[in-house]
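J.: everything below, folded, please.
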Amino acid sequence: MNKNLNSVLRNGLVLILLVFFQHSVFGQHEPGPYSFNPYIGNLVWMDGEESTLTSRTITMNNLQPLDNEQDGLIVVFQVHLRSEDEMLPLVAFSILGAQGSNLIEIYYSKSTVTIRRFFHTDGQRKHYDYHLFDPLFVFSGERNFEFRTYFTSNFMYLVSKDLECNPGYLMSPVYFGLDQGITFSQSDSGTQQGFSNMGVFIQRSSNAAIKIGDTTGKRLPYISSTQIFGLRYGDWWQQMQSGFSSPNPAELPN
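T.: Now for the predicted structure:
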């Protein structure tokens, strides 16, 4: 009973903080794009291949060590998009070896993204799809973008940049993270200590993986220049509070 109460109180506190964050940082601004360049941490993994790929799976044991204050990661890659594409896989976060291993999947879908979050109920694996209203990709035809995913236990933040027209950054907060949804067992995760999905990634377990692109191999190559950075959520928060409101929005191309 106490464990359940503590969980409710903890999740309630996270929700209150995120609502405060939304009003204090995002509530006072126009949608963008912004010339402001969001926080980027220290590089812990970089793709050694320059060619464009259909997909890449990166297990966390291949990352450089993270410091004790880092509680999240940032995945950055370039992606070639067609405006008419629907549900094109961008990135997924997985616990390998578990049945139905993906925790969260992010797809490009007609100017923005759809986030698929998995959960278990009545012994069955199910999912919710969240289609973001914030436009993250404003273009027609075909275009190259940089796409960033900042992710922690309870929060994600998505950022895109048009690499051809260079109008600035489009951004969208997501008010859940890797620990809202499916939680796998310690035997699945390969951890020795207190378990959380995000903890498996931070501990650089070989069972935790980031999947970039279409792992089924059905698409033509469209992913390149993948990098992963360590994230200190406190540093990111401070930069957003102090820097986000200072620049004027960039103008989108005609």
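J.: quick check, Glu69 in contact with Gly230.
T.: No: here Glu69 does not reach Gly230: they are 9.2 Å apart, not a contact under C-beta atoms under 8 Å. Where C-beta positions appear, they are placed from N, C-alpha and C, glycine not excepted.
J.: not counting sequence-adjacent ones, nearest residue to Thr57?
T.: Closest residue to Thr57 apart from its sequence neighbours, by C-beta to C-beta, 6 or more residues apart in numbering: Lys211 at 5.0 Å.
J.: please identify the helix or strand for that neighbour.
T.: strand 208-213 (DSSP states H and E).
J.: CA atoms only: put that strand into CSV for me.
T.: Taking Å, rounded to 0.1, in the frame of the first residue of the first chain, the C-alpha atoms of strand 208-213 are listed here in CSV:
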residue,chain,number,x,y,z
ALA,A,208,19.2,-1.6,-23.8
ALA,A,209,19.2,-0.3,-27.3
ILE,A,210,18.2,2.7,-29.4
LYS,A,211,16.9,1.7,-32.8
ILE,A,212,17.2,4.3,-35.6
GLY,A,213,15.2,4.1,-38.8
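J.: ok, then the element right after that strand?
T.: If you walk from strand 208-213 toward the C-terminus, the next helix or strand you reach (DSSP H and E) is strand 223-231.
J.: what mean pLDDT does that next one get?
T.: Per-residue pLDDT over strand 223-231 has a mean of 94.
J.: distance from the chain centre to it, please.
T.: Distance of strand 223-231 from the chain centroid (C-alpha atoms, centre = their mean, to the nearest Å) equals 11 Å.
J.: and that strand, what does it pack onto?
T.: On a contact count with 3 or more C-beta pairs under 8 Å, 6 or more residues apart in numbering; DSSP states H and E, strand 223-231 meets strand 43-46, strand 55-59, strand 72-82, strand 208-213.
J.: format those as a markdown table; extra columns: mean pLDDT and distance to Ser172.
T.: Below are the helices and strands packed on strand 223-231 laid out as a markdown table (pLDDT from 0 to 100; distance: least, C-beta to C-beta, whole Å):
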| stretch | mean pLDDT | distance to Ser172 |
| --- | --- | --- |
| strand 43-46 | 95 | 24 |
| strand 55-59 | 93 | 23 |
| strand 72-82 | 95 | 15 |
| strand 208-213 | 95 | 19 |
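J.: closest to Phe201 out of those strands?
T.: strand 208-213 (4.7 Å; C-beta to C-beta).
J.: next, the angle from the closest one to strand 223-231.
T.: 150 degrees (axes from the mean of the first three to the mean of the last three C-alpha atoms, to 10 degrees).
J.: now the angle from strand 208-213 to strand 55-59?
T.: With the same axes, to 10 degrees defining the directions, strand 208-213 sits at 170 degrees from strand 55-59.
J.: quick one: low-confidence parts of the stretch 151-254 of the chain?
T.: Flagging of the stretch 151-254 of the chain using pLDDT under 70 yields the residue ranges 181-195, 243-254.
J.: which stretches of it form strands?
T.: Secondary structure of the stretch 151-254 of the chain, counting by DSSP state E, counting those that start in this stretch: strands at 156-162, 169-174, 208-213, 223-231.
J.: nearest to Ile115, of those?
T.: Within the strands of the stretch 151-254 of the chain, the stretch nearest Ile115 is strand 169-174; the backing value is 6.3 Å (C-beta to C-beta).
J.: just the strands from the stretch 1-150 of the chain, written as ranges.
T.: Using DSSP E, counting those that start in this stretch, strands in the stretch 1-150 of the chain cover 43-46, 55-59, 72-82, 88-95, 102-109, 112-121, 124-131, 142-151.
J.: redo those strands as CSV? Include distance to Gly177.
T.: Putting the strands of the stretch 1-150 of the chain into CSV (distance: least, C-beta to C-beta, whole Å) gives the following:
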stretch, distance to Gly177
strand 43-46, 19
strand 55-59, 19
strand 72-82, 8
strand 88-95, 9
strand 102-109, 8
strand 112-121, 10
strand 124-131, 13
strand 142-151, 6
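J.: fine by me, thanks again.
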